[in-house]
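Q: output the structure for:
(chains A, B, C and D, ligands or ions: 2)
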There are 2 protein chains.
Amino acid sequence: MIILSKLADYGVIIATHLAENPDRQVTAVALAAETRLPQATVAKVLKALSHGGVVIAARGASGGYKLARRAQAISVAEVVSAIDGAIGVTECTVHTPSCERTDFCPTRPHWQRINRAVGAALQSVTLADMVMPAFSFPHASETAAERIAP
Amino acid sequence: MIILSKLADYGVIIATHLAENPDRQVTAVALAAETRLPQATVAKVLKALSHGGVVIAARGASGGYKLARRAQAISVAEVVSAIDGAIGVTECTVHTPSCERTDFCPTRPHWQRINRAVGAALQSVTLADMVMPAFSFPHASETAAERIAP
DNA sequence: CTCAATTCGGACCGGGTTAGTACCGATTAG
DNA sequence: CTAATCGGTACTAACCCGGTCCGAATTGAG
Ligand code: FES
Ligand code: FES
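A: Residues are numbered from 1 along each chain as shown, chains lettered A, B, ... in the order given. Ligands and ions are numbered 1, 2, ... in the order given. Just a heads-up that it's a prediction; the model follows:
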């Protein structure tokens, strides 16, 4: 299964590209060309990102987009949330109070725990991290979240 | 955004319910009744689980399903994989070698890192954990995955 | 000052995947 | 043999994704 929607994936790619040369006003079409993504879709994603406060848009001629904050201050979680809405593992964990199985279903709190874990994983990575080249990461075995809880 | 598909969610609910009374042969319709899930869908999910080796099915009269192993030995990741296929965050991380942006897109290794983190989060929780009542968890701040990497 | 060019903003639509259903054949206990 | 139950496939409906369209705002030239 794929976790992120294509749109959200595009969003991260675009935001990362913006983070590569900050403070530069880039138009949607230029971004599309530079990332080799379909132009119309890039425009759509940028709208969502603008709506979510990740980028700020300048309209009119010589307009364009740029990051709303420093790259270090924008997490991947924020980007995907701006596009796909709140992050949740199950239906149950997001539309909080409306599950008919709540009384006899023991999974709820455990899901919320997992939910927090993936949320934290997405939140701990910023756009500044994303632009960094593949770097000597710690051993894969220490990727945290393996010990999600004692 | 919702990460798990509805079917996968159902799968975990069903598997958890099976884990509650192990070694008991339960038919699909009984499971559907006890979990208040649509009966036809439960049957479908059980087929997938059986195919994935999570449950074993007994055919014929007085047949039914039960867990293939002890609940401690079955992870949530396994259950969702049986239904939704391999877990991957982005298109790019699962269909490994076929991305036209590979050469100039710096996000790839970072995604794989996040990917491992959520995979680990799902793998670290077993069905035995799921049936345990909401228990005094450690402080939410220590949910690991917050330190996905130094 | 006016106007045209440029760019973002929001609404709309079609295709594809997923959820859910239904049926029929295979298998086994009694 | 018969009833019950799983296994597989085919089918329909709904929804979401991805893409396209036209209108609003702003700029810069004439
Ligand atoms: S599915 Fe809603 S409480 Fe378990
Ligand atoms: S999207 Fe495939 S390498 Fe970045």
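
Q: surely residue A:111 touches residue A:99?
A: No: here residue A:111 does not reach residue A:99: they are 10.7 Å apart, not a contact under C-beta atoms under 8 Å. Bear in mind the C-beta positions are built from the backbone N, C-alpha and C, glycine included.

Q: around DNA strand C, pick out the residues from chain A.
A: Proximity of chain A to DNA strand C, by C-beta under 7 Å from any atom of the strand, involves residues A:27-29, A:43-44, A:46-47, A:50-51, A:57-65.

Q: spit out the residues that contact residue A:111 and residue A:99 alike.
A: With contacts taken as C-beta atoms under 8 Å, 6 or more residues apart in numbering or on different chains, the residues that reach both residue A:111 and residue A:99 are residue A:92.

Q: and those two? Which one has more around it.
A: Using other C-beta atoms under 10 Å in any protein chain shown as the criterion, residue A:111 and residue A:99 rank with residue A:111 on top: 22 against 14.

Q: please, which helix or strand holds that one?
A: Element membership for residue A:111 (DSSP states H and E) is helix A:108-123.

Q: and that helix, what's buried?
A: Buried residues in helix A:108-123, counting neighbours by 16 or more other C-beta atoms under 10 Å in any protein chain shown, are found at A:108, A:110-123.

Q: from the residues you listed, pick the one nearest DNA strand C.
A: Set against DNA strand C, the nearest of these by C-beta to the nearest atom of the strand is residue A:111 (15.9 Å).

Q: quick one, helices of chain A?
A: Here chain A has its helices, by DSSP state H, at A:6-20, A:28-35, A:39-51, A:76-84, A:91-94, A:108-123, A:127-131.

Q: and of these, who's closest to residue B:91?
A: Closest to residue B:91 of the helices of chain A is helix A:6-20 (C-beta to C-beta; 6.3 Å).

Q: what about the helix holding residue A:111, distance to the chain center?
A: Mean-position distance between helix A:108-123 and its chain equals 15 Å (C-alpha atoms, centre = their mean, to the nearest Å).

Q: hmm, the helix or strand of chain A with the lowest mean pLDDT touching DNA strand D?
A: Here the helix or strand of chain A ranked lowest by mean pLDDT, DSSP states H and E is helix A:91-94, holding a mean of 77. No: figure legend: helix A:91-94 not in contact with DNA strand D (C-beta under 7 Å from any atom of the strand); closest approach 10.1 Å.

Q: cool, stretch A:61-69 as well?
A: Yes: Stretch A:61-69 reaches DNA strand D (C-beta under 7 Å from any atom of the strand) through A:61-63.

Q: what's the pLDDT at the residue of chain A positioned farthest from its centre?
A: Distance from the centre of chain A peaks at residue A:104, with 33.9 Å (C-alpha atoms, centre = their mean). pLDDT, residue A:104: 84.

Q: let me see the backbone angles for it.
A: Main-chain dihedrals, residue A:104, degrees, to the nearest 10: phi -110, psi 10.

Q: roughly how far does it sit from residue B:91?
A: To residue B:91, residue A:104 is 38 Å away according to C-beta to C-beta, to the nearest Å.

Q: and which of the residues of stretch A:61-69 next to DNA strand D is nearest residue A:18?
A: Looking across those and measuring by C-beta to C-beta, the closest to residue A:18 is residue A:63, at 14.4 Å.

Q: which residues of chain A lie near DNA strand D?
A: A:5-7, A:38-41, A:43-44, A:59-63, A:84.

Q: for burial, what's the neighbour tally of the closest residue to residue A:112 other than its chain neighbours?
A: Sequence neighbours aside, residue A:93 is the residue nearest to residue A:112 in space, at 5.6 Å (criterion: C-beta to C-beta, 6 or more residues apart in numbering or on different chains). The tally of other residues near residue A:93 (other C-beta under 10 Å) stands at 24.

Q: wait, residue A:93 sits on residue A:115?
A: Yes: between residue A:93 and residue A:115 there is a contact at 5.0 Å, judged by C-beta under 8 Å.

Q: coming back round to it: for ChimeraX, write the selection for the buried entries among the residues of chain A next to DNA strand D.
A: Buried members of these, defined by 16+ other C-beta under 10 Å, are picked up in ChimeraX with:
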select /A:44,84
